[in-house]
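**Student:** Give me coordinates for this.
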Amino acid sequence: MISVDRSDRPGAFPASAEGSSKDTGRFRRGSAGSLARHVGLVLLAAVFALPLYLCAVVATHSASDLLRGVPLLPGGQIWSNLSTLVRGIPDTPKLFSMLVNSAVMAIGVTVLKLALSIPAAYAVSFFRFPGRMVMFALIFVTLMMPIEVRFFPTYAVTANLGLLNTQTGLILPLVASATAVFLLRQFFRSFPLELADAARLDGVGPMRFLVAIVLPLARPVLAALAVLEFIYGWNQYLWPLLVASSLKRATVVIGVKGLIGAAQSFAVPQWDLVMLLALVALVPPVLVVVVMQRWFVRGLMSGIN
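**Tutor:** Take a look at the predicted model:
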């Protein structure tokens, strides 16, 4: 039998013991570095997850159990606490009402922000008109302005229009978004100019070009923006606190603040209910991110590119 020597061919494994020992040492160093990175990431994740874990554990105990300190293991009072939370305690909004108000506000802010941002970004990306870049610069400058600076004039306008304690007053002042306009413009600028020229030669008008070509191609970016804007609307605290003084219009984030004050008025503070409501408030945004995760990541990558 004839054996072929392959040691001198490209890609052959080194035959010398010295070469093997060098590769083995390099492999071990790489494995040790990878293991250290994974251990560090696990420890960092545990640090960030610890407050959420303690919140979940406290929500499963009774208020009297918490007088002895924060427990480390879950209890068996989760359904009893949830039943109490659904029934409500005095001077606090109902759970279902808070969830509905938050959902309406978050969905309304998301839909209206996209409805305003899409034509604004489309105009500054595909049209040429005097002052186009000046208008975009003015929109972009609003990102540098603190939100709190706009609250007093916005509140005054909302009050003069009679929109306090209304869903319209909660949603309408938050619908302008320079962030969405900027991200959409960056994505629209990646479109090849030949695409617009071909559509123009085929007699496609601006609105049809937007609806039939631009928006279908922009679905990943729109999905990512929808997730961001939904979380933004759901987590609003300061604006609903100023506008919605009625319990009937309270959102779930405002409900957590109100429940903290009510829970402290009892002989035994009801921190179990506060933590449970905080967990309930966390569920819808998490579900939105989980369901839209694939589109969200694709949209962010499209915006970067």
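**Student:** how about low-confidence regions in the protein?
**Tutor:** When residues are selected by pLDDT under 70, those of the chain lie in 1-30, 266-268, 296, 298-305.
**Student:** can you list the domains in it?
**Tutor:** 30-77, 82-304 (automatic domain parsing).
**Student:** list the contacts for Ala123?
**Tutor:** Counting by Cβ atoms under 8 Å, 6 or more residues apart in numbering, Ala123 makes contact with Arg132. Every residue, glycine included, has its C-beta placed from N, CA and C.
**Student:** coming back round to it: go through the domains of the chain and pick out the most buried.
**Tutor:** Sort these by mean neighbour count, taking mean count of other Cβ atoms under 10 Å, and domain 82-304 sits at the top with a mean of 16.
**Student:** That one: how far from the chain's middle?
**Tutor:** Using Cα atoms, centre = their mean, to the nearest Å, we find the averaged C-alpha position of domain 82-304 to lie 10 Å away from the chain's own average C-alpha position.
**Student:** In three-state terms, label Pro130 for me.
**Tutor:** Under the three-state scheme (DSSP: H, G, I helix; E, B strand; the rest coil), Pro130 adopts coil.
**Student:** Got the phi and psi for it?
**Tutor:** Its backbone dihedrals place Pro130 at phi -60, psi 130, with angles given as degrees, to the nearest 10.
**Student:** where's Arg200, which helix or strand?
**Tutor:** Assigning secondary structure by DSSP states H and E places Arg200 in helix 193-201.
**Student:** Same question for Leu228.
**Tutor:** In this assignment (DSSP H and E), Leu228 forms part of helix 219-234.
**Student:** Need the contact partners of the helix or strand where Leu277 lies.
**Tutor:** In this assignment (DSSP H and E), Leu277 forms part of helix 271-291. Here helix 271-291 makes contact (Cβ under 8 Å, 6+ apart) with 55-56, 58-63, 65-66, 77-78, 81-82, 84-85, 89, 95, 99, 102-103, 106, 227, 230-231, 234-235, 252-253, 255-256, 259-260, 263, 296.
**Student:** measure Glu229 to Ala115 for me?
**Tutor:** Glu229 sits 11 Å away from Ala115, taking Cβ to Cβ, to the nearest Å as the criterion.
**Student:** How about Leu95?
**Tutor:** Shown here: Leu95 relative to Ala115, a distance of 30 Å by Cβ to Cβ.
**Student:** got the contact list for Val243?
**Tutor:** Contacts for Val243 (Cβ under 8 Å, 6+ apart) come out as Tyr155, Thr158, Leu163, Leu164, Asn165, Gly169, Leu170, Arg249.
**Student:** can I get the residues you listed in CSV with secondary structure and distance to Pro206?
**Tutor:** Converted to CSV, the contacts of Val243 look like this (DSSP: H, G, I helix; E, B strand; the rest coil; distance: Cβ to Cβ, whole Å):
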residue, secondary structure, distance to Pro206
Tyr155, helix, 37
Thr158, helix, 34
Leu163, coil, 33
Leu164, coil, 39
Asn165, coil, 40
Gly169, helix, 34
Leu170, helix, 33
Arg249, helix, 40
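**Student:** now those in TSV, with distance to Pro269?
**Tutor:** Conversion of the contacts of Val243 to TSV gives the following (distance: Cβ to Cβ, whole Å):
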residue	distance to Pro269
Tyr155	33
Thr158	35
Leu163	36
Leu164	32
Asn165	29
Gly169	33
Leu170	30
Arg249	26
